[in-house]
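[1] predicted model and sequence below, questions to follow.
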Amino acid sequence: MKKILKGLGTSPGQARGKVRMVCGAEDEGRFLDGEVLVTRITDPTMVLMMNRAAAIVCDIGGMTSHPSILSREMGIPCVVAAKTATSKLKDGQEVLVDGKTGDVFLVG
Amino acid sequence: MAKPATYSWLDEFLEAMEASLGAMDLSTLQPTSWRHSQPLNAAEWLEWFDRIVQTRKEKNIPFEKIAPHLPPDLCREHLFFTIEDLKTAHWPKEKRLETAEFFHQTLAAQMEPGDLFGLRGTTKPRFDVPAIMRKKFRQGTPEAARALGKLYNAAYNIGAALYLDYYMGNAIENYGPYPLGDGRILVVKEMRHLRPTELWPARSTAADRLRLYCVYEDVKFATDLIACHTFYQGDPIAGLKSWRLEKDGKAVTDLAEVESIMRSVAENGRDQWLEVTRLPQAQLIQKTNLIRCFIFKPLCEALGLDWKPTRRLLKAVEGKTLEDGWKTWNPPKTEKARKTYWRKIWDPRVDFYPDSR
């Protein structure tokens, strides 16, 4: 596994899944259960996708930002402030997200 | 009201403010922030709000009587929002302290003593915990914990869509932790005002109010000054021992119904947010006015006041942009100096204003 990103881990736990880049509600139809939701920052158009995500990774954010609070409530890992997540990651890549350390690894 | 000599409670408030706002990335607030919108009519807002302060005083209404109309989180958050307005509008110290004291007394009248501002991680209104625990709870399972987490996610999002990120305390507030013994705690998650037809066109959202009681074991729970900022140590999924959900006052016992409510709230929240993002900026600014006044509707009604924004309040923002509001602030570039700047802004005892050097 190769570490591809380092951000701020804001909801502990590890999860593995395929990357799905999300911009808004228009991505709802193609988002699959257990994918890793990658976006600049989550917003309420992504609520149903957040509920199906294995983990969330955002370019910006802090410990009390929208994705961080809600990932803790749902018990899924979250990494924010990853800066280049939306430019470095691509749809379909398999990643491991560590919500404690803030590391995101490319699998395989 | 016995007037405190030094307003020493403000020192704890300032510590709590630094702890809470210091951990926030304000660039994530969408579609704008209070520091963009509120300065546009800070003076007119304060005139509007002062009716509440003066009416309570003139009628000599005890704070215990008005406290149910302004829950803890709203007291805390609107204390700091209003202090920023007081400084923006250069109100004199005496009026600043009187206004701040109004929020403080309303908060103190409903809270357990010891941590009024969440500095020690709690938000604890005086609840009859034994009476709550006599209610019927469902057994906690990881499946239930996940379903309830998704419901909370849905409610949080519709809260943000209805009240914007910074006024969403009107929808989401968390209370606790209340120790129950044997390593167990009670946490209460309040999700309310989810169908505010005074603000937005009616939606088919399945609930106006949801109240979730969670009993956790071997889990530590905390909030900060802002009660939707929740933190856990331990595993809140495996650690959920029992739960009770009330939808508009009625118990929900079936996870399929939880899922159905979640879907309705989530879909309406998503669509509501799309409506917010389509608003032209001038309408968004007027909407922030309406939302802010609406938060005080129960309190206004209890005092016999009209809650709606005045013509003067609405007119004050005409022709202004959110960028105009943001330009109010003049924080220094270095972190240490910036911390000092904000602390002086937030302290109503100090004659320091956004444009001070």
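    Cool, got the structure.
[2] how about the strands in chain B?
    Using DSSP state E, the strands assigned to chain B run over residues B:138-139, B:172-181, B:184-191, B:210-217, B:220-223, B:230-233, B:240-247, B:250-252.
[3] which parts of the chain are helices?
    Using chain A. A:47-52, A:66-74, A:85-88 (DSSP state H).
[4] that's the wrong chain, I meant chain B
    Counting by DSSP H, one finds helices in chain B at the ranges B:9-22, B:34-37, B:42-59, B:63-66, B:72-88, B:93-108, B:129-133, B:142-167, B:255-278, B:281-295, B:297-303, B:311-315, B:322-326, B:335-346.
[5] and B:R278, how many neighbours?
    When neighbours are defined as other C-beta atoms under 10 Å in any protein chain shown, B:R278 has 9 of them. Bear in mind the C-beta positions are built from the backbone N, C-alpha and C, glycine included.
[6] looking at the strands of chain B, which is closest to B:S37?
    With C-beta to C-beta, the closest approach to B:S37 among the strands of chain B belongs to strand B:172-181: 19.8 Å.
[7] what's the distance between B:R244 and B:A147?
    Relative to B:A147, B:R244 is positioned 14 Å away (C-beta to C-beta, to the nearest Å).
[8] how about the residues of chain A near chain B?
    A:25, A:41, A:43-45, A:47-48, A:50-51, A:60-66, A:69-70, A:72-75, A:80-81 (C-beta under 8 Å from any C-beta of the partner chain).
[9] ok, residue 107 - contacts?
    Here I'm looking at chain A. By C-beta atoms under 8 Å, 6 or more residues apart in numbering or on different chains, the contact set of A:V107 is A:M1, A:R16, A:E94, A:V95, A:L96.
[10] oops, chain B please
    B:L107 sits next to B:A67, B:P72, B:C75, B:R76, B:L79, B:L116 when contact means C-beta under 8 Å, 6+ apart.
[11] what's the nearest residue to it if we skip its chain neighbours?
    Spatial nearest neighbour of B:L107, excluding adjacent residues (C-beta to C-beta, 6 or more residues apart in numbering or on different chains): B:C75 at 3.8 Å.
[12] about what we covered before: buried only: go through the contacts of A:V107 for me.
    The neighbour-count test (16 or more other C-beta atoms under 10 Å in any protein chain shown) marks A:R16, A:V95, A:L96 as buried among those.
[13] show the contacting residues for the last one.
    A:L96 makes contact with A:M1, A:Q14, A:A15, A:R16, A:V104, A:F105, A:V107 under the criterion C-beta under 8 Å, 6+ apart.
[14] give me the mean pLDDT for stretch B:261-277.
    For stretch B:261-277, the mean per-residue pLDDT is 98.
[15] list the buried ones in that stretch?
    B:261-273, B:276.
[16] thought B:K95 was touching B:L86?
    Yes - the pair B:K95 and B:L86 passes the contact test of C-beta atoms under 8 Å, sitting 7.4 Å apart.
[17] ok, these two, which is more surrounded?
    For the pair B:K95 and B:L86, the greater number of neighbours falls to B:L86 (25 against 15), based on other C-beta under 10 Å.
[18] what about the closest residue in space to B:L299 that isn't next to it in sequence, distance to chain A?
    Distance criterion C-beta to C-beta, 6+ apart; nearest residue to B:L299, sequence neighbours excluded, is B:H69 at 4.2 Å. With the distance defined as C-beta to the nearest C-beta, to the nearest Å, B:H69 ends up 26 Å from chain A.
[19] for B:H69, give me its contacts.
    Contact partners of B:H69, counting by C-beta under 8 Å, 6+ apart, are B:P298, B:L299, B:E301, B:A302.
[20] hmm, back to that, out of the strands of chain B, flag the one nearest B:L10.
    Comparison of the strands of chain B against B:L10 by C-beta to C-beta identifies strand B:220-223 as nearest, at 20.3 Å.
[21] which residues are in contact with that closest one?
    For strand B:220-223, the external contacting residues (C-beta under 8 Å, 6+ apart) are B:118, B:121-123, B:174, B:176-177, B:185, B:187, B:229-234, B:236.
[22] again, but for stretch A:30-42
    A:15, A:17-23, A:46, A:48-50, A:52-61, A:65-67, A:70, A:80, A:85-86, A:89, A:95, A:97, B:28, B:30.
[23] run a quick neighbour tally on the closest residue to B:H104 other than its chain neighbours.
    Excluding the flanking residues, the one nearest B:H104 by C-beta to C-beta, 6+ apart is B:W9, at 5.8 Å. Other residues lying near B:W9 total 17 when counted by other C-beta under 10 Å.
[24] hmm, B:W9 is touching B:D115, no?
    No - in this structure, B:W9 is not within contact of B:D115 by C-beta under 8 Å, at 11.9 Å.
[25] walk me through the domains of chain B.
    Domain assignment of chain B by automatic domain parsing yields the ranges B:9-118+B:280-346, B:129-277.
[26] what's the span of the first one, first residue to last?
    Right, domain B:9-118+B:280-346. The distance separating the two terminal residues of domain B:9-118+B:280-346, taken as C-alpha to C-alpha, to the nearest Å, comes to 13 Å.
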